[in-house]
Every structure is written in C-alpha cells, then in structure tokens.
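[1] Let me see the structure of the following:
(one chain, ligands or ions: 1)
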Amino acid sequence: MKPVIIMMAMAVVSQLIIGCSPLRWENLPKPQTEVPVLIEEFDGLTRRAAPIIRKLVKNRPVPVTLIQVYSTRFHKLPTKEQIAISYRCGPGEPPKPYGCILIKDTVLKELSDVALTGLLAHELGHIELGHRTTPTASQLRTTEFDADDAAIARLTDAGYCGGPVMRQTFLELIKLTPGAGGGFTGERFARTLNTPCALSLP
Ligand SMILES: [Zn+2]
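    Just a heads-up that it's a prediction; the model follows:
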C-alpha cells in the first residue's frame, strides 16, 4: 500500500476511535445515598456546596464512594469557558470511584443558592450516569442533555421544583460566563420548559 493511502487509513481509524470512545465508566459501585462529601481544606468557597450536595444525594443515590469538591483557586479547569466539571478522581488506574466536582471560584462567589443547587444537581447527574470526559461536540451535547434530565429528577426527589431551578441556573451562568454550557444553553433552557411543576422555588 502506498504511504499516502496508509496515512489516510490511519486517519480514518483514529477518527473512528475518537468518535466511538465510551461515554460512561464501567463497573461503577452500587449507588448509595450515604456518601461522604469532602471539601478542600482551606478552600472556604466550597463550604457552601457541601450541605447542598448532601441534600441532593439523600433521596437519590450516586455510584461513588466519596464526593470531593474543589474551586479553581486550587485546580485549573481545562478551558476558560468552562464553569464546572465532574469526573472520576480516586487514586489508581482505573481510578477509584470517587466523584470530583471542580467549580470556577467566581461562580461559587456569585451564584445564588438556587442557581448553585441547580449547577450541583447537574454535576451530580454526570456522576450518577458515570459520564467520562467527552471528546466530541455531539457527545458533549448528549451528555449535557442527559445530565440536565438527571438533575431535574434529582432536584424533584430532593423536594425542589426542578425545571425553574435549572432555568435560574442557566440565566445566572450566562450572565457570569457568556458561552457557558457548551454553547447551547438556550436549547438546554428550552428543554426545561417541558417539566411543569406545581411547587414554588425553594
Ligand atoms: Zn455538564
């Protein structure tokens, strides 16, 4: 085979591999509600998040053995448009099933309690669904929509009115970080309109 054809074939194969990388971790532990929540020592910004996470996990389990929360005072986010990410962060390879949530420090300072609750419910949605980091735009779109749906279910289980909480979250995040939410926050906002709720905001 000519070198050019070999290179083209390799490019197609690598594209296929990237396109087909698994969306989810396998062999996650049994979901549980009694999960310890750790905040970074000296990181006062994350203190507000811990009781909210405990409330959100109490009635809807997550498949991790520990949740750790950090602000960007201590760890950098991969890109400047990102406002928060969640990932498997335990030691070892494959990593132990800890769930880490990393949140931009300005977001932790500025978000209202309602919007922070929505943001954390979304990140817990990624953890609940065992999402890995997503390399392609179409995978990102799918995982964001799925995490929003899981967030609304989690908020509802915790006694909140899921749709309005998520809409408040999107509105505040767009003000703080234009371009947040993968560039399709408008679409994500519209999806929450299909979740009517008789309860008022918490
Ligand atoms: Zn997300």
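[2] now for the lengthiest helix in the chain, which elements pack on it?
    Counting residues, the longest helix found in the chain (DSSP state H) is helix 137-157. Under the contact definition 3 or more Cβ pairs under 8 Å, 6 or more residues apart in numbering; DSSP states H and E, helix 137-157 sits against helix 113-128, helix 162-176, helix 185-191. Backbone N, C-alpha and C define where each C-beta goes, glycine included.
[3] Convert the shortest one to CSV, retaining C-alpha atoms only.
    The C-alpha trace of helix 185-191 is given here as CSV (Å, rounded to 0.1, in the frame of the first residue of the first chain):
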residue,chain,number,x,y,z
THR,A,185,-27.5,26.8,26.8
GLY,A,186,-30.5,28.4,25.1
GLU,A,187,-31.5,24.9,23.9
ARG,A,188,-30.9,23.5,27.4
PHE,A,189,-33.1,26.3,28.9
ALA,A,190,-35.9,25.5,26.4
ARG,A,191,-35.8,21.8,27.3
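[4] Going by neighbour count, which residues in it are buried?
    Neighbour counts using 16 or more other Cβ atoms under 10 Å place Thr185, Arg188, Phe189, Arg191 of helix 185-191 among the buried residues.
[5] could you give the mean pLDDT of it?
    For helix 185-191, mean pLDDT is 90.
[6] how many neighbours does Glu26 have?
    The number of residues packed near Glu26 is 8, by other Cβ atoms under 10 Å.
[7] where does the chain have low pLDDT?
    Scanning the chain for pLDDT under 70 picks out 1-21, 41-42, 134-135, 181-182, 196, 198-202.
[8] most centrally placed residue in it?
    Most central in the chain under Cα atoms, centre = their mean is Glu123, positioned 2.7 Å from the mean C-alpha point.
[9] what about that one, distance to the ion?
    Distance, Glu123 to the ion, using Cβ to the ion, to the nearest Å: 7 Å.
[10] go on, Val165?
    In terms of Cβ to the ion, Val165 sits 15 Å off from the ion.
[11] Next, count neighbours for that residue.
    Residues lying near Val165 (other Cβ under 10 Å) number 25.
[12] now it: how far from Tyr87?
    23 Å (Cβ to Cβ, to the nearest Å).
[13] And for Ala49?
    Ala49 is 16 Å from Tyr87, by Cβ to Cβ.
[14] got it, and Pro22?
    Pro22 is 14 Å from Tyr87, where distance means Cβ to Cβ.
[15] the more surrounded of these two?
    Set side by side, Pro22 and Tyr87 show more neighbours around Tyr87, with 17 against 10, by other Cβ under 10 Å.
[16] from memory Arg24 sits against His131, does it?
    Yes. Contact criterion Cβ atoms under 8 Å: Arg24 and His131 qualify, at 6.1 Å.
[17] that older thread, go through the helices and strands packed on helix 137-157 and pick out the most buried.
    Of all the helices and strands packed on helix 137-157, helix 113-128 carries the top mean neighbour count, a mean of 25, counting by mean count of other Cβ atoms under 10 Å.
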